[in-house]
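**Q** Sequence below, structure please.
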Amino acid sequence: MRIVVDTGNHIAAKAVQMARVDVVAAYPITPQTTIVERIAEYVEKGEFHGDYICVESEHSAMSACIGASAVGARAFTATSSHGLLLMHEMLHWAALARLPIVMANVNRAVGPGWNIWSDQNDSISQRDTGWIQFYCSSNQEIFDTIIQAFKLGEHEKVQLPVMVNYDGFILSHTSLPVKIPEQEEIDEFLPKRKIKWKLDVNNPITHGNIIMPNDYPKIRKAMQEAHENAHGIIKEISREWEERFGIHHGELLELYKCDDADYVLLSMGALGAESKVAVDEMRKKGRKIGLARVRVLRPFPKKEVIELAKHSDLIVIDRNISVGMEGVLFTEIKASLYGEVDAKVYGYIAGLGGKDVTFKDISKMCERVMDGKYGGYTIFDVEG
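**A** Next up is the predicted model:
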């Protein structure tokens, strides 16, 4: 195993190369562009042996991945923000067709006004398409999760596309040290794709045709069951990765100092990494607080959240907003607890449009709750 210091985007491209992807179809968009640029460099140097397709839009990128995956290829794409939104129709198509495509989405705010910095509203708006969704907090996690995403999506009991999300610029353009296993080790962990079904000119079938109302619910039920299967398989894959490579990012949640915590903070992405520093600082002051970083939004870690709430009050910080309601993670946590645990849940929104959120900001939000000064749900960057 060797250590490489590079940006999150270049590390994502390295994971794609080492996963032996057959087809990459992509269109550039800030701050994702350097992923596909680096893959193009691998192609030029003869270091990537799959097909690289330069398309005219993100809608076409996902369409090309759908076609490639449907004939049995391992397919990958990458995008961000408005590019992800342009794919929306085809995201539903990929999930309903049960195609294990993997996509890196570099979280970026949606305009107008135009903003190239991070928040999670782009990927949050796609949560109901049927894609599994991961949120990474380090470059190491980006590499590991992309490799694991292919193994998960291609699992015979899952067969679903997987979206690997991480913060624009905060991770995409920041260089961090990453442990890279040898190619032979990755090949052993991630064998060649076993095809569950495919389009084959020598064995023609009808696929994606008209489905009558009596049958359509069956495909939705099957997708739901696949997500329920993925809940346990994510844990298995995470444990296998740790056993092979000694690296562990948590399962659906990464738990940090939660065992004796009176309060547990929940957040996603780079905010989760910053939250660890905040927890350490508050612990020095005698505050009994822990962190549950949410790695997986779909399938949602409902059982794990319920277990946390049996012993601790919860503080949620969202880097997104469902306008007209509140932060999505806040809503989903409360919904998970309904009828299960009578726990207190406090929420904030922070960091929209890439506004910096430091460990001091996170500590301030949490200490308001712990000191009985929580003023109700708020966008911290505005009200704070």
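
**Q** List the buried residues in stretch 332-349.
**A** Neighbour-count burial for stretch 332-349, with 16 or more other Cβ atoms under 10 Å as criterion, is recorded at 332, 333, 334, 336, 337, 341, 343, 345, 346, 347, 348, 349. Where you see a C-beta, it was placed from the backbone N, CA and C, and this is true even at glycine.

**Q** Over to stretch 112-132?
**A** Neighbour counts over stretch 112-132 (16+ other Cβ under 10 Å) mark 115-127, 129-132 as buried.

**Q** now, which of the residues you listed lie within helices?
**A** 121, 122, 123, 124 (DSSP state H).

**Q** Not counting its neighbours along the chain, what's nearest the last one?
**A** For residue 124, ignoring the flanking residues on the chain, the nearest one in space by Cβ to Cβ, 6 or more residues apart in numbering is residue 320 at 4.6 Å.

**Q** check which helix or strand covers the one you found.
**A** Assigned by DSSP states H and E, residue 320 belongs to no helix or strand.

**Q** Do I have it right that it meets residue 127?
**A** No: in this structure residue 320 lies outside contact range of residue 127 using Cβ atoms under 8 Å: 10.0 Å.

**Q** shared neighbours of the two, which are they?
**A** Overlap of the contact sets of residue 320 and residue 127 (by Cβ atoms under 8 Å, 6 or more residues apart in numbering) consists of residue 328.

**Q** What helices and strands are in contact with whatever helix or strand residue 382 lives in?
**A** Secondary structure assignment for residue 382, by DSSP H and E: helix 380-383. Packing partners of helix 380-383 (3 or more Cβ pairs under 8 Å, 6 or more residues apart in numbering; DSSP states H and E): strand 345-349.

**Q** now with 6 Å?
**A** Applying 3 or more Cβ pairs under 6 Å, 6 or more residues apart in numbering; DSSP states H and E, one finds that helix 380-383 contacts no other helix or strand.

**Q** quick one: it to chain centroid distance?
**A** 26 Å (Cα atoms, centre = their mean, to the nearest Å).

**Q** quick one: average confidence on it?
**A** Mean pLDDT, helix 380-383: 72.

**Q** which helix in this structure runs the most residues?
**A** helix 216-245.

**Q** residues of it that come out buried?
**A** 223, 226, 227, 229, 230, 231, 233, 234, 237, 238, 241, 245.

**Q** Beyond that helix, next helix or strand please.
**A** Sequence-wise, the next helix or strand downstream of helix 216-245 (DSSP H and E) is strand 253-256.

**Q** Skip ahead from that next one and say which helix or strand is next.
**A** Toward the C-terminus, strand 253-256 is succeeded by strand 263-267 as the next helix or strand (DSSP H and E).

**Q** Tell me which other helices or strands that following strand touches.
**A** With contacts taken as 3+ Cβ pairs under 6 Å, 6+ apart, strand 263-267 sits against strand 289-294, strand 313-318.

**Q** now that strand and strand 345-349, what's the angle there?
**A** Orientation check (axes from the mean of the first three to the mean of the last three Cα atoms, to 10 degrees): strand 263-267 against strand 345-349 gives 40 degrees.
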